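Visitor: Predicted model and sequence below, questions to follow.
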Amino acid sequence: MADENIFQSLRDYAAKVPAIDKRMGSGLFDDGRWWLKVTIDIDHRLAWNVVQEPGPVLNYVSLDERLPTVFMPVSPPPYMNGGPHDHLS
C-alpha cells in the first residue's frame, strides 16, 4: 500500500509480544479492512500461548457485539504437515 507507515504503531505493539518476529507484513483492502501477518518463533517457550491467547480476545471478546476482527493462524492441511519446522505457516 502507498502508506505503510499507518501500520507502524500496530507493528510496534505486536513486536512486544514474545515469540513474534519483528518482520511483519501488513496492508489495506479497497473496502477499508486491513491485515497484519506475523511470524511466530515456534522454538520460543511461549509460542503456543501466542497462538492461543489472542484468538478469544480478537474473535469473541463480546458475544453480543462481535468485533470486526478475525484471528486466523494458518498451516497447511495435516497430510502435508511434516512438522512445524518444515510446514507451519
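Guide: Nice, thanks for sending it over. Residues are numbered from 1 along each chain as shown.
Visitor: Send me stretch 21-37 as CSV with only the CA atoms.
Guide: Only the C-alpha atoms of stretch 21-37 are listed here, as CSV (Å, rounded to 0.1, in the frame of the first residue of the first chain):
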residue,chain,number,x,y,z
ASP,A,21,9.3,-11.9,14.7
LYS,A,22,9.8,-8.2,14.2
ARG,A,23,9.5,-8.6,10.4
MET,A,24,5.8,-8.3,9.6
GLY,A,25,3.6,-7.8,6.6
SER,A,26,0.5,-5.5,6.5
GLY,A,27,-1.9,-4.0,4.1
LEU,A,28,-5.2,-2.5,3.3
PHE,A,29,-8.1,-3.8,1.3
ASP,A,30,-10.0,-1.5,-1.0
ASP,A,31,-13.1,-1.6,1.3
GLY,A,32,-11.0,-0.3,4.2
ARG,A,33,-10.3,-3.5,6.0
TRP,A,34,-6.7,-4.2,6.9
TRP,A,35,-4.5,-7.2,7.7
LEU,A,36,-1.3,-7.9,9.6
LYS,A,37,0.8,-11.0,9.0
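Visitor: okay, now residue 11: neighbour count?
Guide: By other C-beta atoms under 10 Å, 18 other residues sit near residue 11. In short, each C-beta sits where N, CA and C put it, glycine included.
Visitor: Pull the residues that contact the host helix or strand of it.
Guide: In the assignment (DSSP states H and E), residue 11 maps to helix 8-15. Residues outside helix 8-15 that contact it (C-beta atoms under 8 Å, 6 or more residues apart in numbering): 20, 22, 24, 26, 36, 38.
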